[in-house]
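Chemist: Just a sequence and a predicted model for now, questions to come.
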Amino acid sequence: MLNVQNIHFRISQALSLSDISFDVAAGEMAVILGANGAGKSTLLNIVTGSVKMNSGSVLINKLPIQYWKSKDLATFAAVMQQQNQLQLPFRVYDVVMMGRYPHFKRKETADDAAIVGEVLEKTGIRHLKDRNYLTLSGGEQQRVHLARVLAQVSSTRSEEPCYLFMDEPSNNLDIRHQHSALRIAKSFAREGNCVLAVLHDLNLALQYADKIVLLKNGKMKGFGAPADIMTEDSISEVYDLPLSIFHPPMGKHPMVMPLV
Amino acid sequence: MQSTKIKIFTLTVSVLLIISIILGMGMGAVSISPLQVMAILGKKIGISSGVAYTDVQESVLAAIRMPRVMMAVLIGSSLAVSGAAMQGLFRNPLADPSLIGISSGASFAAVAAIVLGINTVTSITGVTGTYALSVITFTGALITAVIVYRLAQSGGKTIIATMLLAGIAINALAGAGTGIFTYAANDAQLRSITFWMLGSLGGASWNTVLGILPFTILPVLVFPFMAKALNAFSIGESNAAHLGTNTELVKRTVVLLTALCVGASVAVAGVISFVGLVVPHIIRLTAGPDNRYLLLLAPVLGALLLVSADLVARTLFIPAEVPIGIITSMIGAPVFLYMVIKELRSQRNF
């Protein structure tokens, strides 16, 4: 499981992450929520080890993040970033296969190819597999990277959970693909893995998150189940906007609506 | 489909390379036919044939042509593979050691050393002399490579405009510096300065070949092992790190080995531009951008390009020789312009 304890990090003169603690158990999907500039991406970068925190600890499978060799970590933890820069005309298949790089030496095995085939199917981009990545739309490119990170954490034979970290996975996606991306992430979590995602859409968070990490100006406003954490008062304060939560008669999940 | 295409391409380039080597050894003031070339080479490794040739032909081949062609092979292959690796590092097909100022940094260092009369360096002859000058050019190349890389990186991204502009600035600065030294230079020094600025394989001997051998063979042997890491780099440095790539090691190795082979080749042959740009571009057009093929094919095509370019340089205006840097620039500059236009178009689309 993922265990985050008392993180402190100075982002800028005006903004510091302070006293942030939460954990994500195997089988859970946690979502970080907060306004623009609240420190969400920085927090994710600290948890994935790209940014070194000033103090605190991040434990992955009980071992502090800084003790993991990036080579070993890459075999069971994948990060989907907000921005992906690719300026060379790689094929979609080759980009997704990069997710398997931590698992083979020079030449991909039949297993790797099978896994790539599976995730292409799962993310609905099989028909794009021979296309030049540079010719895809923003949403299609986003799905390619979703497939890539899924390929990276697929079928590692281990008792310990795998990890999927996602910064804005619904970026550029239409409503159908937003839900399909989050359903994929959620079912990955349900297989006994940990998912931690930054989201902007409160309704997606209400529908898919098991746990919410609510951030405001670098401070944690709450951590727990969505029903407990996402109250009208708390989210209105965090986003500095009057928000109402209501329960649509035909839906399974509550919804957030701005009162403006 | 893709792999058959790559196989045909590899075979074609390899056959052409062998043909160009035999032609390169045969053509010139003393003409040696391809059959005679093979007979003489055969004799060296103990195979006798019935083909007749003169002693002059044999000694010209052994003392002049062979080292010259060898030098073209070494420099061409290492410049091409370094260009490909640089482009992997900068995540952009326009990064070329000569365009971004690494070569001119090296040649400026060489010219400065010669005119300032660092006699201890220039008076050393033989293999050690090549090594000594290589150290100076390597230093020039390394400094410029590090400067350009630092300038072009911003928040984990490569700013391509900055990279190319920094290259222009460094090229201009090195050019101006070299220009100043030409006023301070005497006649003999002037001749060698022109040589460094335009590039020539005319100084080839077995000593220079041995002198650059270790520095040029290293990138050809090492870079293919970094293919996966450089592929991962293309989706961004932090993404590459999350795929388990040791990004610091990759950056240092690419910058160091590139500076090493650029430094060595500038020391013996001057600035030969665009090899590192054109060769990877042609390979990407046929075999795709995967570094696992690119870094293996680039040395072969790079050798072919430089052996052929040198052949043209030697035979275009016999008995005069055109500097080889002019030939490669005439091929490379249009390709570069085409790539810039293509890049601008693709940016407009997004």
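Modeler: Great, that's in hand. Numbering: from 1, shown residues only, chains lettered A, B, ... in the order given.

Chemist: Now do the phi/psi pair for the residue of the stretch 151-300 of chain B found nearest chain A.
Modeler: Per CB to the nearest CB, the residue of the stretch 151-300 of chain B with the smallest distance to chain A is B:Gly244, at 3.1 Å. C-betas here are computed from N, CA, C, even on glycine. B:Gly244 adopts backbone torsions of phi 90, psi 10, taken as degrees, to the nearest 10.

Chemist: That one contacts A:Thr75, correct?
Modeler: Yes - with contact defined as CB atoms under 8 Å, B:Gly244 counts as touching A:Thr75 (7.2 Å).

Chemist: So between these two, which is more surrounded?
Modeler: Using other CB atoms under 10 Å in any protein chain shown as the criterion, B:Gly244 and A:Thr75 rank with B:Gly244 on top: 21 against 15.

Chemist: Tell me where chain A has helices.
Modeler: A:40-47, A:70-73, A:92-97, A:110-122, A:138-152, A:175-190, A:202-208, A:226-229, A:232-239 (DSSP state H).

Chemist: Can I get those helices in JSON lines including mean neighbour count?
Modeler: Output for these, formatted as JSON lines (neighbours: other CB atoms under 10 Å in any protein chain shown):
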{"stretch": "helix A:40-47", "mean neighbour count": "23"}
{"stretch": "helix A:70-73", "mean neighbour count": "16"}
{"stretch": "helix A:92-97", "mean neighbour count": "23"}
{"stretch": "helix A:110-122", "mean neighbour count": "17"}
{"stretch": "helix A:138-152", "mean neighbour count": "24"}
{"stretch": "helix A:175-190", "mean neighbour count": "18"}
{"stretch": "helix A:202-208", "mean neighbour count": "20"}
{"stretch": "helix A:226-229", "mean neighbour count": "16"}
{"stretch": "helix A:232-239", "mean neighbour count": "17"}
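
Chemist: Can you check which of these gets nearest to chain B?
Modeler: Per CB to the nearest CB, nearest to chain B of those: helix A:70-73, 4.3 Å.

Chemist: Just list what that closest one packs against, helices and strands only.
Modeler: Under the contact definition 3 or more CB pairs under 8 Å, 6 or more residues apart in numbering or on different chains; DSSP states H and E, helix A:70-73 sits against no other helix or strand.

Chemist: Can you dump the C-alpha atoms of it in PDB for me?
Modeler: What follows is helix A:70-73, C-alpha atoms only, in PDB (Å, rounded to 0.1, in the frame of the first residue of the first chain):
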ATOM      1  CA  SER A  70      13.900   3.700 -10.400                       C
ATOM      2  CA  LYS A  71      14.500   0.600 -12.400                       C
ATOM      3  CA  ASP A  72      12.800  -1.600  -9.900                       C
ATOM      4  CA  LEU A  73      10.000   0.800  -9.200                       C
END
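
Chemist: pretty sure B:Ala39 contacts B:Thr54?
Modeler: No - using CB under 8 Å, B:Ala39 is not in contact with B:Thr54, being 11.7 Å away.

Chemist: who has more neighbours, the two?
Modeler: Neighbours were counted for B:Ala39 and for B:Thr54 using other CB under 10 Å; B:Ala39 has more, 20 against 11.

Chemist: check contacts around that one.
Modeler: B:49, B:51, B:53 (CB atoms under 8 Å, 6 or more residues apart in numbering or on different chains).

Chemist: Tell me the secondary structure at the last one.
Modeler: I take that to be B:Tyr53. Under DSSP: H, G, I helix; E, B strand; the rest coil, B:Tyr53 falls in the coil class.

Chemist: most centrally placed residue in the chain?
Modeler: Going with chain A. Nearest residue to the geometric centre of chain A (CA atoms, centre = their mean): A:Met166, 2.0 Å.

Chemist: My question was about chain B, not that one.
Modeler: Closest-to-mean residue, chain B, CA atoms, centre = their mean: B:Leu79 / 2.7 Å.

Chemist: What sits closest to that one if chain neighbours are left out?
Modeler: Of all residues not flanking B:Leu79 in the chain, B:Val275 sits nearest, at 4.2 Å (CB to CB, 6 or more residues apart in numbering or on different chains).

Chemist: and the one you found, backbone torsions?
Modeler: Residue torsions, per degrees, to the nearest 10, at B:Val275 are phi -60, psi -40.

Chemist: Equivalent analysis for B:Ile170, please.
Modeler: According to degrees, to the nearest 10, B:Ile170 has phi -70, psi -40.

Chemist: Number of residues surrounding it?
Modeler: With other CB under 10 Å as criterion, B:Ile170 counts 22.

Chemist: if you skip the residues just before and after it, what's nearest to it?
Modeler: Per CB to CB, 6+ apart, closest to B:Ile170 is B:Gly101, 3.1 Å.

Chemist: how about the residues of the stretch 1-150 of chain A near chain B?
Modeler: A:48, A:50, A:70-75, A:77-79, A:81, A:83-91, A:94-95, A:98-99, A:101-102, A:106, A:134, A:145 (CB under 8 Å from any CB of the partner chain).

Chemist: Can you turn the buried subset of those residues into a selection I can paste into ChimeraX?
Modeler: A single ChimeraX command selects the buried members of those (16 or more other CB atoms under 10 Å in any protein chain shown):
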select /A:48,50,70,73,74,77,78,79,81,84,86,87,88,89,90,91,94,95,98,99,101,102,145
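
Chemist: if I pick residue 27, what's in contact with it?
Modeler: Went with chain A since none was named. A:161, A:189-194.

Chemist: meant chain B actually
Modeler: Under the criterion of CB under 8 Å, 6+ apart, the neighbours of B:Met27 are B:311, B:314-315.

Chemist: what are the phi and psi values for it?
Modeler: phi -90, psi 140.

Chemist: Quick check: it vs B:Val15, distance?
Modeler: Distance of B:Met27 to B:Val15, computed by CB to CB, to the nearest Å: 18 Å.

Chemist: quick one on the thing from earlier: out of the contacts of A:Gly27, which end up buried?
Modeler: Buried among those by 16+ other CB under 10 Å: A:161, A:189, A:193-194.

Chemist: Strands of chain B, start to end?
Modeler: B:153-154, B:157-158 (DSSP state E).

Chemist: From the rest of the structure, what touches the first one?
Modeler: Strand B:153-154 is contacted by residues B:159, B:162 when judged by CB under 8 Å, 6+ apart.

Chemist: In chain A, where is pLDDT below threshold?
Modeler: Residues of chain A meeting the criterion pLDDT under 70: A:156-158.

Chemist: and the closest residue to A:Asn45 other than its chain neighbours, what is it in contact with?
Modeler: In this structure, A:Asn45 finds its nearest non-sequential neighbour in A:Val51, 4.1 Å apart by CB to CB, 6+ apart. With contacts defined as CB under 8 Å, 6+ apart, A:Val51 is in contact with A:9, A:42, A:45.

Chemist: now the contacts of A:Gly27 as a markdown table including distance to B:Gly302?
Modeler: Listed next are the contacts of A:Gly27 as a markdown table, based on distance: CB to CB, whole Å:
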| residue | distance to B:Gly302 |
| --- | --- |
| A:Pro161 | 47 |
| A:Ala189 | 49 |
| A:Arg190 | 52 |
| A:Glu191 | 48 |
| A:Gly192 | 50 |
| A:Asn193 | 46 |
| A:Cys194 | 47 |
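
Chemist: Now stretch A:208-219: buried residues?
Modeler: So, applying 16+ other CB under 10 Å, buried residues of stretch A:208-219: A:208-218.

Chemist: now B:Ser238: how far from A:Ser70?
Modeler: From B:Ser238 to A:Ser70 the distance is 11 Å (CB to CB).

Chemist: separation between the residue nearest to the centre of chain A and chain B?
Modeler: Going from A:Met166 to chain B by CB to the nearest CB, to the nearest Å gives 12 Å.
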